[in-house]
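1. got a predicted model here, sequence first, then my questions.
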Amino acid sequence: KEKNTVISKGFYELRISEIQRLSKSAVKVSFEVPEQLKSIFSFLPGQYLTFELFLNNEKIRRSYSICSAPNEILSVAVKAVEKGKASNWFNTEAKVGDLISVAKPEGNFTIDTSENKIVAIAAGSGITPIISIAKSLSNNTEMHLFYGNKSEEDALFLDDLKNLAQLKMTNFLSREEKDGFSSGRIDKSTFTEIIKADLDLLKSSIFYICGPEQMIMDIKETLLFFGVADKKIKFELFTTPVLAKIAEPASYFSGTSKVTIIIDGESECFDIKAGGTTILDTAEKNGMDAPYSCRGGVCCSCKAKILEGTASMRLNYSLTEEEIQNGYILTCQAHPTSETLIVSYDE
(Lines give C-alpha, C1' and ligand atoms only; values in the text may rest on other atoms or scores of the structure.)
Protein backbone atom coordinates (compact mmCIF):
# COMPACT_ATOMS: atom_id res chain seq x y z
CA LYS A 1 0.00 0.00 0.00
CA GLU A 2 1.37 3.39 -0.93
CA LYS A 3 1.05 5.87 1.89
CA ASN A 4 -1.22 8.74 0.95
CA THR A 5 -0.58 11.93 2.90
CA VAL A 6 -3.93 13.51 2.05
CA ILE A 7 -6.97 12.08 3.83
CA SER A 8 -10.17 12.66 1.86
CA LYS A 9 -12.93 14.70 3.44
CA GLY A 10 -15.18 12.56 5.61
CA PHE A 11 -12.46 9.95 6.24
CA TYR A 12 -10.45 9.29 9.41
CA GLU A 13 -7.36 7.21 10.08
CA LEU A 14 -7.88 4.03 12.10
CA ARG A 15 -5.17 1.54 13.01
CA ILE A 16 -5.64 -2.19 12.43
CA SER A 17 -5.46 -3.86 15.85
CA GLU A 18 -6.05 -7.50 14.84
CA ILE A 19 -6.50 -9.67 11.75
CA GLN A 20 -8.19 -13.02 12.30
CA ARG A 21 -8.44 -15.68 9.60
CA LEU A 22 -12.08 -16.81 9.31
CA SER A 23 -11.71 -19.16 6.33
CA LYS A 24 -9.33 -19.75 3.44
CA SER A 25 -10.73 -16.70 1.70
CA ALA A 26 -11.99 -14.41 4.49
CA VAL A 27 -10.56 -12.39 7.36
CA LYS A 28 -11.96 -10.42 10.26
CA VAL A 29 -10.19 -7.06 10.54
CA SER A 30 -10.45 -5.15 13.83
CA PHE A 31 -9.65 -1.49 14.43
CA GLU A 32 -8.41 0.62 17.29
CA VAL A 33 -10.71 3.63 17.62
CA PRO A 34 -9.09 6.59 19.45
CA GLU A 35 -11.14 8.20 22.20
CA GLN A 36 -11.71 11.37 20.16
CA LEU A 37 -13.26 9.33 17.30
CA LYS A 38 -15.49 7.02 19.35
CA SER A 39 -18.62 9.12 18.86
CA ILE A 40 -17.99 9.28 15.09
CA PHE A 41 -17.59 5.51 14.87
CA SER A 42 -20.54 4.57 17.04
CA PHE A 43 -22.83 2.49 14.82
CA LEU A 44 -26.10 0.65 14.51
CA PRO A 45 -25.97 -3.14 14.03
CA GLY A 46 -26.18 -3.89 10.30
CA GLN A 47 -24.26 -0.81 9.12
CA TYR A 48 -21.05 -0.78 7.06
CA LEU A 49 -17.75 1.08 6.83
CA THR A 50 -16.28 2.59 3.67
CA PHE A 51 -12.51 2.33 3.25
CA GLU A 52 -10.25 4.38 1.02
CA LEU A 53 -7.11 2.55 -0.06
CA PHE A 54 -4.24 3.57 -2.31
CA LEU A 55 -3.03 0.48 -4.16
CA ASN A 56 -0.53 0.72 -7.02
CA ASN A 57 -1.09 4.48 -7.20
CA GLU A 58 -4.84 4.00 -7.58
CA LYS A 59 -7.45 5.32 -5.16
CA ILE A 60 -10.01 2.63 -4.34
CA ARG A 61 -13.09 2.90 -2.14
CA ARG A 62 -14.85 -0.21 -0.87
CA SER A 63 -17.56 -0.82 1.72
CA TYR A 64 -17.60 -3.77 4.13
CA SER A 65 -20.26 -4.59 6.71
CA ILE A 66 -19.47 -4.36 10.40
CA CYS A 67 -19.53 -7.82 12.00
CA SER A 68 -19.17 -6.71 15.62
CA ALA A 69 -21.81 -5.62 18.11
CA PRO A 70 -21.70 -1.98 19.29
CA ASN A 71 -20.19 -3.07 22.63
CA GLU A 72 -17.34 -4.98 20.92
CA ILE A 73 -14.14 -3.91 19.15
CA LEU A 74 -15.03 -2.39 15.77
CA SER A 75 -14.52 -5.10 13.13
CA VAL A 76 -15.41 -5.94 9.55
CA ALA A 77 -15.26 -9.23 7.66
CA VAL A 78 -13.69 -9.21 4.21
CA LYS A 79 -14.01 -12.12 1.80
CA ALA A 80 -11.49 -12.19 -1.04
CA VAL A 81 -13.13 -12.12 -4.46
CA GLU A 82 -11.51 -12.87 -7.80
CA LYS A 83 -9.76 -9.75 -9.13
CA GLY A 84 -10.98 -7.83 -6.08
CA LYS A 85 -8.19 -5.34 -5.42
CA ALA A 86 -9.28 -4.23 -1.96
CA SER A 87 -10.58 -7.58 -0.71
CA ASN A 88 -7.38 -9.36 -1.73
CA TRP A 89 -5.27 -6.63 -0.12
CA PHE A 90 -7.10 -7.10 3.18
CA ASN A 91 -6.69 -10.88 2.93
CA THR A 92 -3.03 -11.07 1.92
CA GLU A 93 -1.19 -7.80 2.56
CA ALA A 94 -2.84 -5.87 5.39
CA LYS A 95 -0.92 -5.97 8.66
CA VAL A 96 -1.61 -5.17 12.29
CA GLY A 97 -0.51 -1.58 12.85
CA ASP A 98 -1.45 -0.35 9.37
CA LEU A 99 -3.29 2.97 9.30
CA ILE A 100 -6.34 2.97 7.03
CA SER A 101 -8.67 5.77 5.91
CA VAL A 102 -12.21 4.95 7.04
CA ALA A 103 -15.48 6.89 6.74
CA LYS A 104 -18.08 6.92 9.50
CA PRO A 105 -20.57 4.01 9.63
CA GLU A 106 -23.50 4.20 7.20
CA GLY A 107 -26.40 2.08 5.99
CA ASN A 108 -30.11 1.43 6.48
CA PHE A 109 -29.93 -2.36 6.99
CA THR A 110 -30.51 -1.85 10.71
CA ILE A 111 -32.68 -3.25 13.47
CA ASP A 112 -35.68 -1.58 15.10
CA THR A 113 -35.81 -2.22 18.85
CA SER A 114 -39.56 -2.87 18.63
CA GLU A 115 -39.01 -5.97 16.49
CA ASN A 116 -39.47 -9.09 18.60
CA LYS A 117 -39.62 -11.86 16.02
CA ILE A 118 -37.10 -11.75 13.20
CA VAL A 119 -36.38 -13.99 10.24
CA ALA A 120 -32.98 -13.60 8.57
CA ILE A 121 -31.78 -15.23 5.37
CA ALA A 122 -28.08 -14.98 4.54
CA ALA A 123 -25.74 -16.56 2.02
CA GLY A 124 -21.96 -16.57 2.18
CA SER A 125 -20.40 -13.34 3.43
CA GLY A 126 -23.92 -11.90 3.60
CA ILE A 127 -23.84 -13.17 7.18
CA THR A 128 -21.62 -10.21 8.16
CA PRO A 129 -24.30 -7.58 8.95
CA ILE A 130 -26.65 -10.31 10.20
CA ILE A 131 -24.24 -11.42 12.94
CA SER A 132 -23.91 -7.81 14.11
CA ILE A 133 -27.71 -7.66 14.38
CA ALA A 134 -27.95 -11.11 16.00
CA LYS A 135 -25.39 -10.20 18.69
CA SER A 136 -27.39 -7.08 19.54
CA LEU A 137 -30.87 -8.54 20.05
CA SER A 138 -32.80 -7.48 23.14
CA ASN A 139 -33.79 -10.20 25.62
CA ASN A 140 -37.36 -10.48 24.31
CA THR A 141 -36.37 -10.79 20.63
CA GLU A 142 -36.04 -14.07 18.76
CA MET A 143 -34.36 -14.63 15.41
CA HIS A 144 -34.57 -17.58 13.05
CA LEU A 145 -31.61 -17.58 10.67
CA PHE A 146 -31.47 -19.51 7.41
CA TYR A 147 -27.80 -19.55 6.41
CA GLY A 148 -26.51 -20.87 3.08
CA ASN A 149 -22.93 -21.70 2.10
CA LYS A 150 -21.07 -23.84 -0.42
CA SER A 151 -19.32 -25.86 2.30
CA GLU A 152 -18.94 -25.88 6.08
CA GLU A 153 -15.47 -24.38 5.72
CA ASP A 154 -17.00 -21.42 3.87
CA ALA A 155 -19.51 -20.74 6.66
CA LEU A 156 -18.24 -17.67 8.51
CA PHE A 157 -18.92 -17.17 12.24
CA LEU A 158 -20.61 -20.58 12.61
CA ASP A 159 -19.43 -21.15 16.20
CA ASP A 160 -20.30 -17.59 17.24
CA LEU A 161 -23.80 -17.99 15.83
CA LYS A 162 -24.33 -21.34 17.58
CA ASN A 163 -23.55 -19.66 20.92
CA LEU A 164 -26.26 -17.00 20.60
CA ALA A 165 -29.12 -18.07 22.87
CA GLN A 166 -31.88 -16.16 21.07
CA LEU A 167 -30.91 -17.49 17.66
CA LYS A 168 -32.40 -20.53 15.98
CA MET A 169 -30.33 -21.48 12.95
CA THR A 170 -30.95 -23.68 9.91
CA ASN A 171 -27.84 -24.25 7.79
CA PHE A 172 -27.68 -25.14 4.10
CA LEU A 173 -24.71 -26.44 2.11
CA SER A 174 -24.87 -26.43 -1.69
CA ARG A 175 -21.68 -28.35 -2.53
CA GLU A 176 -21.25 -30.67 0.43
CA GLU A 177 -23.37 -33.10 2.44
CA LYS A 178 -22.91 -33.14 6.21
CA ASP A 179 -24.88 -34.15 9.28
CA GLY A 180 -26.72 -31.21 10.81
CA PHE A 181 -26.87 -29.33 7.51
CA SER A 182 -29.62 -29.21 4.92
CA SER A 183 -28.58 -29.75 1.30
CA GLY A 184 -28.96 -27.27 -1.53
CA ARG A 185 -29.14 -23.54 -2.13
CA ILE A 186 -31.69 -21.23 -0.52
CA ASP A 187 -33.68 -20.50 -3.66
CA LYS A 188 -37.35 -19.86 -4.43
CA SER A 189 -38.49 -23.50 -4.22
CA THR A 190 -36.47 -24.20 -1.06
CA PHE A 191 -37.79 -21.14 0.74
CA THR A 192 -41.35 -21.87 -0.37
CA GLU A 193 -41.08 -25.31 1.26
CA ILE A 194 -39.60 -23.74 4.41
CA ILE A 195 -42.60 -21.43 4.77
CA LYS A 196 -45.13 -24.17 4.01
CA ALA A 197 -43.56 -26.28 6.77
CA ASP A 198 -43.75 -23.43 9.31
CA LEU A 199 -46.40 -20.82 8.49
CA ASP A 200 -45.66 -19.05 11.79
CA LEU A 201 -42.58 -17.62 10.07
CA LEU A 202 -44.94 -15.29 8.21
CA LYS A 203 -45.91 -13.67 11.54
CA SER A 204 -42.39 -12.28 11.96
CA SER A 205 -42.13 -8.53 12.43
CA ILE A 206 -39.26 -8.14 9.94
CA PHE A 207 -37.35 -10.16 7.34
CA TYR A 208 -33.66 -9.50 6.67
CA ILE A 209 -32.12 -10.86 3.45
CA CYS A 210 -28.43 -10.52 2.69
CA GLY A 211 -26.44 -12.16 -0.07
CA PRO A 212 -26.30 -12.45 -3.87
CA GLU A 213 -28.86 -10.65 -5.98
CA GLN A 214 -30.63 -13.75 -7.31
CA MET A 215 -31.23 -15.10 -3.80
CA ILE A 216 -32.56 -11.76 -2.60
CA MET A 217 -35.00 -11.52 -5.51
CA ASP A 218 -36.12 -15.15 -4.99
CA ILE A 219 -36.75 -14.72 -1.27
CA LYS A 220 -38.44 -11.34 -1.62
CA GLU A 221 -40.72 -12.63 -4.38
CA THR A 222 -41.66 -15.64 -2.24
CA LEU A 223 -42.43 -13.51 0.82
CA LEU A 224 -44.59 -11.13 -1.22
CA PHE A 225 -46.43 -14.13 -2.72
CA PHE A 226 -47.26 -15.31 0.81
CA GLY A 227 -48.66 -11.88 1.70
CA VAL A 228 -45.76 -10.34 3.62
CA ALA A 229 -45.86 -6.53 3.37
CA ASP A 230 -43.06 -5.03 1.30
CA LYS A 231 -42.13 -2.67 4.17
CA LYS A 232 -41.35 -5.71 6.35
CA ILE A 233 -38.62 -6.90 3.96
CA LYS A 234 -35.12 -5.43 4.25
CA PHE A 235 -32.27 -6.52 2.03
CA GLU A 236 -28.59 -5.81 1.47
CA LEU A 237 -26.90 -6.80 -1.77
CA PHE A 238 -23.55 -8.59 -1.41
CA THR A 239 -22.55 -9.00 -5.05
CA THR A 240 -22.25 -6.78 -8.08
CA PRO A 241 -25.73 -6.13 -9.50
CA VAL A 242 -26.41 -7.94 -12.76
CA LEU A 243 -30.16 -8.39 -13.14
CA ALA A 244 -31.56 -4.89 -12.95
CA LYS A 245 -33.12 -3.41 -16.03
CA ILE A 246 -31.04 -0.39 -16.98
CA ALA A 247 -32.82 2.52 -18.62
CA GLU A 248 -31.17 4.03 -21.66
CA PRO A 249 -29.73 7.50 -20.87
CA ALA A 250 -31.47 8.92 -23.96
CA SER A 251 -34.84 8.24 -22.35
CA TYR A 252 -34.09 10.60 -19.49
CA PHE A 253 -33.98 14.00 -21.13
CA SER A 254 -33.24 15.44 -24.56
CA GLY A 255 -31.69 18.80 -23.75
CA THR A 256 -28.99 20.28 -21.55
CA SER A 257 -29.64 20.63 -17.84
CA LYS A 258 -28.22 23.36 -15.61
CA VAL A 259 -27.28 21.43 -12.48
CA THR A 260 -26.40 23.03 -9.14
CA ILE A 261 -24.57 20.74 -6.69
CA ILE A 262 -24.36 21.65 -3.01
CA ILE A 263 -21.71 20.09 -0.74
CA ASP A 264 -20.86 21.41 2.74
CA GLY A 265 -22.83 24.59 2.16
CA GLU A 266 -20.95 25.48 -1.04
CA SER A 267 -22.64 25.28 -4.44
CA GLU A 268 -21.34 25.03 -7.99
CA CYS A 269 -23.27 25.02 -11.26
CA PHE A 270 -22.60 22.83 -14.30
CA ASP A 271 -24.22 21.98 -17.63
CA ILE A 272 -24.98 18.29 -18.17
CA LYS A 273 -26.12 17.10 -21.58
CA ALA A 274 -28.78 14.44 -21.98
CA GLY A 275 -27.23 10.98 -21.81
CA GLY A 276 -24.02 12.50 -20.44
CA THR A 277 -22.22 11.94 -17.17
CA THR A 278 -23.91 11.14 -13.87
CA ILE A 279 -24.28 13.81 -11.21
CA LEU A 280 -21.51 12.17 -9.16
CA ASP A 281 -19.11 12.02 -12.12
CA THR A 282 -19.83 15.66 -12.92
CA ALA A 283 -19.09 16.71 -9.34
CA GLU A 284 -15.84 14.74 -9.29
CA LYS A 285 -14.60 15.96 -12.67
CA ASN A 286 -15.04 19.53 -11.46
CA GLY A 287 -13.06 19.01 -8.26
CA MET A 288 -15.96 18.71 -5.82
CA ASP A 289 -15.34 16.21 -3.02
CA ALA A 290 -18.60 14.26 -3.30
CA PRO A 291 -19.05 11.12 -1.19
CA TYR A 292 -19.15 7.74 -2.92
CA SER A 293 -18.10 4.13 -2.51
CA CYS A 294 -19.51 1.35 -4.70
CA ARG A 295 -20.63 3.29 -7.82
CA GLY A 296 -23.13 0.49 -8.43
CA GLY A 297 -26.30 1.79 -6.76
CA VAL A 298 -25.81 -0.50 -3.78
CA CYS A 299 -24.16 1.24 -0.83
CA CYS A 300 -26.02 4.57 -0.52
CA SER A 301 -22.83 6.56 0.22
CA CYS A 302 -23.54 9.00 -2.64
CA LYS A 303 -27.12 9.78 -1.55
CA ALA A 304 -28.25 13.37 -2.11
CA LYS A 305 -31.56 15.24 -2.12
CA ILE A 306 -33.21 17.01 -5.03
CA LEU A 307 -34.24 20.51 -3.95
CA GLU A 308 -35.53 21.54 -7.38
CA GLY A 309 -36.10 19.72 -10.66
CA THR A 310 -36.08 16.02 -11.47
CA ALA A 311 -33.57 13.22 -12.06
CA SER A 312 -33.77 9.55 -12.94
CA MET A 313 -31.60 6.68 -11.69
CA ARG A 314 -30.30 3.85 -13.87
CA LEU A 315 -30.03 1.48 -10.88
CA ASN A 316 -31.20 1.58 -7.27
CA TYR A 317 -30.58 -1.17 -4.75
CA SER A 318 -30.54 0.83 -1.53
CA LEU A 319 -33.02 3.72 -1.42
CA THR A 320 -36.50 2.95 -0.10
CA GLU A 321 -39.64 4.08 -1.93
CA GLU A 322 -40.20 6.59 0.87
CA GLU A 323 -36.73 8.09 0.40
CA ILE A 324 -37.30 8.38 -3.36
CA GLN A 325 -40.66 10.08 -2.78
CA ASN A 326 -38.89 12.50 -0.44
CA GLY A 327 -36.52 13.48 -3.26
CA TYR A 328 -33.43 11.40 -2.52
CA ILE A 329 -31.30 9.97 -5.33
CA LEU A 330 -28.12 7.94 -5.71
CA THR A 331 -25.91 10.40 -7.56
CA CYS A 332 -23.69 7.64 -8.98
CA GLN A 333 -26.74 6.47 -10.96
CA ALA A 334 -28.62 9.74 -11.49
CA HIS A 335 -29.04 11.77 -14.67
CA PRO A 336 -31.00 15.05 -14.83
CA THR A 337 -34.44 14.99 -16.47
CA SER A 338 -35.27 18.69 -16.20
CA GLU A 339 -33.77 21.92 -17.52
CA THR A 340 -32.83 22.98 -14.00
CA LEU A 341 -31.73 20.67 -11.18
CA ILE A 342 -30.53 21.52 -7.68
CA VAL A 343 -29.03 18.64 -5.69
CA SER A 344 -27.75 18.81 -2.10
CA TYR A 345 -25.48 16.33 -0.35
CA ASP A 346 -26.10 18.24 2.91
CA GLU A 347 -29.72 17.25 3.52
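-> Okay, I see it. Being a predicted model, the structure only gives us computed values, none of them experimental.
2. the stretch 151-300 of the chain: strands as residue ranges?
-> 167-173, 182-183, 206-211, 233-237, 256-263, 266-273 (DSSP state E, counting those that start in this stretch).
3. format the ones you listed as CSV; extra columns: distance to residue 98.
-> Every C-beta, even on glycine, is put in place using the N, C-alpha and C of the backbone. As requested, the strands of the stretch 151-300 of the chain are exported to CSV (distance: least, C-beta to C-beta, whole Å):
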stretch, distance to residue 98
strand 167-173, 33
strand 182-183, 40
strand 206-211, 28
strand 233-237, 27
strand 256-263, 29
strand 266-273, 33
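4. ok, which of those strands comes nearest residue 319?
-> Nearest to residue 319, of all these, is strand 233-237, at 12.4 Å by C-beta to C-beta.
5. so for stretch 231-241, mean pLDDT?
-> Per-residue confidence for stretch 231-241 averages out to 79 on the pLDDT scale.
6. for it, list every residue counted as buried.
-> Residues of stretch 231-241 classed as buried: 233, 234, 235, 236, 237, 238, 239 (neighbour count, 16 or more other C-beta atoms under 10 Å).
7. next one: stretch 292-311
-> Neighbour-count burial for stretch 292-311 [16+ other C-beta under 10 Å]: 292-306, 309-311.
8. same thing with stretch 65-80?
-> By neighbour count with 16+ other C-beta under 10 Å, stretch 65-80 contains the buried residues 65, 66, 67, 68, 69, 74, 75, 76, 77, 78, 79, 80.
9. that one: end-to-end distance?
-> Using C-alpha to C-alpha, to the nearest Å, one end of stretch 65-80 lies 14 Å from the other.
10. show me what the helix or strand that contains residue 144 is packed against.
-> Secondary structure here is read from DSSP states H and E; on that basis residue 144 sits in strand 142-149. Under the contact criterion of 3 or more C-beta pairs under 8 Å, 6 or more residues apart in numbering; DSSP states H and E, strand 142-149 touches strand 117-123, helix 127-134, strand 167-173.
11. can I get the buried residues of stretch 65-80 in JSON lines with secondary structure?
-> What follows is these, written out as JSON lines (DSSP: H, G, I helix; E, B strand; the rest coil):
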{"residue": "65", "secondary structure": "strand"}
{"residue": "66", "secondary structure": "strand"}
{"residue": "67", "secondary structure": "coil"}
{"residue": "68", "secondary structure": "coil"}
{"residue": "69", "secondary structure": "coil"}
{"residue": "74", "secondary structure": "coil"}
{"residue": "75", "secondary structure": "strand"}
{"residue": "76", "secondary structure": "strand"}
{"residue": "77", "secondary structure": "strand"}
{"residue": "78", "secondary structure": "strand"}
{"residue": "79", "secondary structure": "strand"}
{"residue": "80", "secondary structure": "coil"}
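12. ok, these vs residue 255, which is closest?
-> The shortest separation between residue 255 and any of the buried residues of stretch 65-80 is 40.9 Å, and it belongs to residue 65 (by C-beta to C-beta).
13. who does the closest one bridge with?
-> Residue 65 has the following beta-bridge partners by DSSP bridges: residue 48.
14. what strands line up against the strand holding residue 144, and which way round?
-> Sheet partners assigned to strand 142-149 using DSSP bridges are listed as strand 117-123 (parallel), strand 167-173 (parallel).
15. where is the longest helix in the chain?
-> Scanning the chain for the helix with the most residues, using DSSP state H, yields helix 213-225.
16. elements contacting that one?
-> Using 3+ C-beta pairs under 8 Å, 6+ apart as the contact test, the elements touching helix 213-225 are strand 117-123, helix 188-197, strand 206-211, strand 233-237.
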